[in-house]
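**Student:** Pasting a predicted model and its sequence here:
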Amino acid sequence: MSKPETLTRETLADAAPVPPGEDRSAAPKRSRRKPVLALVAVLALGGAGYAGWGYWTHGRFVEHTDDAYVQADIAMISSRVQGYVKSLPVEENAHVRSGDVLVRLEDDDYRIALATAESRAATADRTLARIDAQIAAARAAVVQAEADRDAAEAQLRTATNALERVKGLAARNFAAVAQLDTATEDHDTARATLAKTTAAVASARAEVNVLIAQRAEAEGEKHQLELAVDQARRDLDRTVLRAPADGTLANLGLELGDLVTAGTRLAALVPDDALYVEANFKETQMQGIAPGATVEVTLDALPGQRFDGKVTSAAPATGAVFSLLPAENATGNFTKVVQRVPVRIQLPPEALATGQLRAGLSAVVSVDTRTGDAAASRLASVH
């Protein structure tokens, strides 16, 4: 077929009349639409297959929740003694180190109390020294009384022998009655002297025991006074409130001259290394979540960054159990509500090192249930 003939036929086709309601360009458009639709279908099937493969190999093992927030073990700063605020070396939202002074209270009364307690303790030491001297003197008196008793025993033996001799002589009429009376008197006197000295020994020993008991009482009083000194010193030290850990001071509601009472909450300290994520998973998601499971954490405050965390523990009860007004399902109508269990997630050091995390920030977590202690137990039971 020659070119002129082709052009002639195309020209004739274009020149042919078009039936009413028919678009001459519809046929070429339909011919171009078919490849595009086929390509879209192939791409859709490929995407669906890729998504299905991802779900089958990974997605079905991952539990997600956006009901998660950054939490911290916040230390509440309160005073254990009463006093007026003397100085505030730090300001609110300031970063402090462990041991830094946060609040100073007036300590004049506590210094006086400490000096009084120390003075009483010193008096107790002098009391013990006096009692020790009395015990030494009483023991010396015991020794002297025992010596007097020994002398009385010797005199009694002599008087007894003399009386026996005089009695023998008197029986043979070789001694006068006056001699017998004198010997009897000496014997009775010696026996009375022995009884007296024996009683003196007992009295001296009793005095020693009394003094020893007094010393024990004095030692007890001294111990109490020493405890009073220690308590007074501790109260004096408590007039200075220090930071228990490195962190940021918040919620400082004090001014100079304010009266602080024992137990009053003065400020809050958010430790640097005590931030973690608490995720509230539905009860239907908890089957594979166990300590040790790896977690992918994204934070709204750090867009575009992902961190690898780890499940450390799960609460022993749902959040509803620990609420101020727990639900009472035994009365009235019942509507089943899916409960949530708080799960604690440890953040990696690189997340804490950003310095941008704050307690209460929102997070999104994804837990891989194939990891952790529960997965290890399942694998061990299979093998």
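**Tutor:** On my side now, so go ahead. Residues are numbered from 1 along each chain as shown.

**Student:** Just the residues contacting stretch 145-152, thanks.
**Tutor:** For stretch 145-152, the surrounding residues in contact (C-beta atoms under 8 Å, 6 or more residues apart in numbering) are Ala190, Thr193, Leu194, Lys196, Thr197, Thr198, Ala200, Val201, Ser203, Ala204. In short, each C-beta sits where N, CA and C put it, glycine included.

**Student:** cool, and stretch 191-199?
**Tutor:** Residues from elsewhere that reach stretch 191-199 (C-beta under 8 Å, 6+ apart): Ala145, Asp148, Arg149, Ala151, Ala152, Glu153, Gln155, Leu156, Ala159.

**Student:** Tell me the pLDDT of the first one.
**Tutor:** By that I understand Ala145. Ala145 is assigned a predicted lDDT (pLDDT) of 91.

**Student:** Same check on the last one?
**Tutor:** For Ala159, the pLDDT comes out at 87.

**Student:** so how far is the helix or strand harbouring it from its chain's centroid?
**Tutor:** Following DSSP states H and E, one finds Ala159 within helix 108-171. Here the centre of helix 108-171 is set off from its chain's centre by 56 Å, with C-alpha atoms, centre = their mean, to the nearest Å.

**Student:** still on that earlier bit, of all the contacts of stretch 191-199, which comes closest to Ser366?
**Tutor:** Ala145 (93.1 Å; C-beta to C-beta).

**Student:** Run a quick neighbour tally on that closest one.
**Tutor:** Neighbour count for Ala145, taken as other C-beta atoms under 10 Å: 21.

**Student:** repeat for Pro342
**Tutor:** Neighbours of Pro342 using other C-beta under 10 Å come to 19.

**Student:** any idea how far Asp132 is from it?
**Tutor:** According to C-beta to C-beta, to the nearest Å, Pro342 stands 65 Å off from Asp132.

**Student:** so which pair among the contacts of stretch 191-199 is furthest apart in space?
**Tutor:** The most distant members of these, if one measures by C-beta to C-beta, are Ala145 and Ala159, lying 20.5 Å apart.

**Student:** Can I get the contacts of stretch 191-199 in TSV including distance to Leu236?
**Tutor:** TSV is the format used below for those (distance: C-beta to C-beta, whole Å):
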residue	distance to Leu236
Ala145	51
Asp148	56
Arg149	57
Ala151	61
Ala152	62
Glu153	63
Gln155	67
Leu156	67
Ala159	72
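
**Student:** Buried among those residues? Need that as a selection in ChimeraX.
**Tutor:** A single ChimeraX command selects the buried members of these (16 or more other C-beta atoms under 10 Å):
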select :145,148,149,152,153,155,156,159
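
**Student:** Could you single out the nearest of the contacts of stretch 191-199 to Leu254?
**Tutor:** Among the contacts of stretch 191-199, Ala145 lies closest to Leu254 (C-beta to C-beta), at 70.2 Å.

**Student:** In a strand, Lys297, correct?
**Tutor:** Careful, residue 297 is Val and not Lys. Yes. Judged by DSSP: H, G, I helix; E, B strand; the rest coil, Val297 forms part of a strand.

**Student:** Please check which residues sit opposite it as beta-bridge partners.
**Tutor:** Assessed by DSSP bridges, Val297 has beta-bridge partners Phe307, Val365.

**Student:** Leu352: which of the contacts of stretch 191-199 is nearest?
**Tutor:** Nearest to Leu352, judged by C-beta to C-beta, of the contacts of stretch 191-199 is Ala145 at 80.3 Å.

**Student:** Would you mind measuring from the closest one to Ala200?
**Tutor:** Ala145 sits at a distance of 4 Å from Ala200 (criterion: C-beta to C-beta).

**Student:** With Ala140 instead?
**Tutor:** Counting by C-beta to C-beta, the gap from Ala140 to Ala200 is 13 Å.

**Student:** okay, those two: which has more neighbours?
**Tutor:** Set Ala140 next to Ala200 and count neighbours by other C-beta under 10 Å: Ala200 wins out with 18 against 12.

**Student:** Let me know the angle separating the strand or helix carrying the more buried one from helix 108-171.
**Tutor:** Take DSSP H and E as the rule and Ala200 turns out to sit in helix 177-237. Relative orientation of helix 177-237 versus helix 108-171 (axes from the mean of the first three to the mean of the last three C-alpha atoms, to 10 degrees): 170 degrees.

**Student:** could you point out which element follows helix 177-237?
**Tutor:** strand 240-242.

**Student:** contacting residues around the following helix or strand past that following strand?
**Tutor:** Moving toward the C-terminus from strand 240-242, the next helix or strand (DSSP H and E) is strand 247-250. Residues outside strand 247-250 that contact it (C-beta under 8 Å, 6+ apart): 75, 77, 90-96, 102, 243, 267-272, 274.

**Student:** Tell me the buried residues within the residues you listed.
**Tutor:** Among these, those classed as buried by neighbour count (16+ other C-beta under 10 Å) are 75, 77, 90, 96, 102, 243, 267-272, 274.

**Student:** ok, so of those, who is nearest Thr284?
**Tutor:** Ala274 (30.7 Å).

**Student:** List the residues that contact that closest one.
**Tutor:** Neighbouring residues of Ala274 by C-beta under 8 Å, 6+ apart: Ala72, Asp73, Ala245, Gly247.

**Student:** any idea how far Asp246 is from the residue nearest to the second one when sequence neighbours are not counted?
**Tutor:** Setting aside the residues directly before and after it, Asp73 is nearest to Ala274 in space (C-beta to C-beta, 6 or more residues apart in numbering), at 4.3 Å. According to C-beta to C-beta, Ala274 stands 10 Å off from Asp246.

**Student:** And Arg234, by the same measure?
**Tutor:** Counting by C-beta to C-beta - Arg234 and Asp246 are separated by 24 Å.

**Student:** Check Arg120 too.
**Tutor:** Where Asp246 is concerned, Arg120 sits at a distance of 40 Å (C-beta to C-beta).

**Student:** And for Leu249, the neighbour number?
**Tutor:** For Leu249, the count of nearby residues is 20 (other C-beta under 10 Å).
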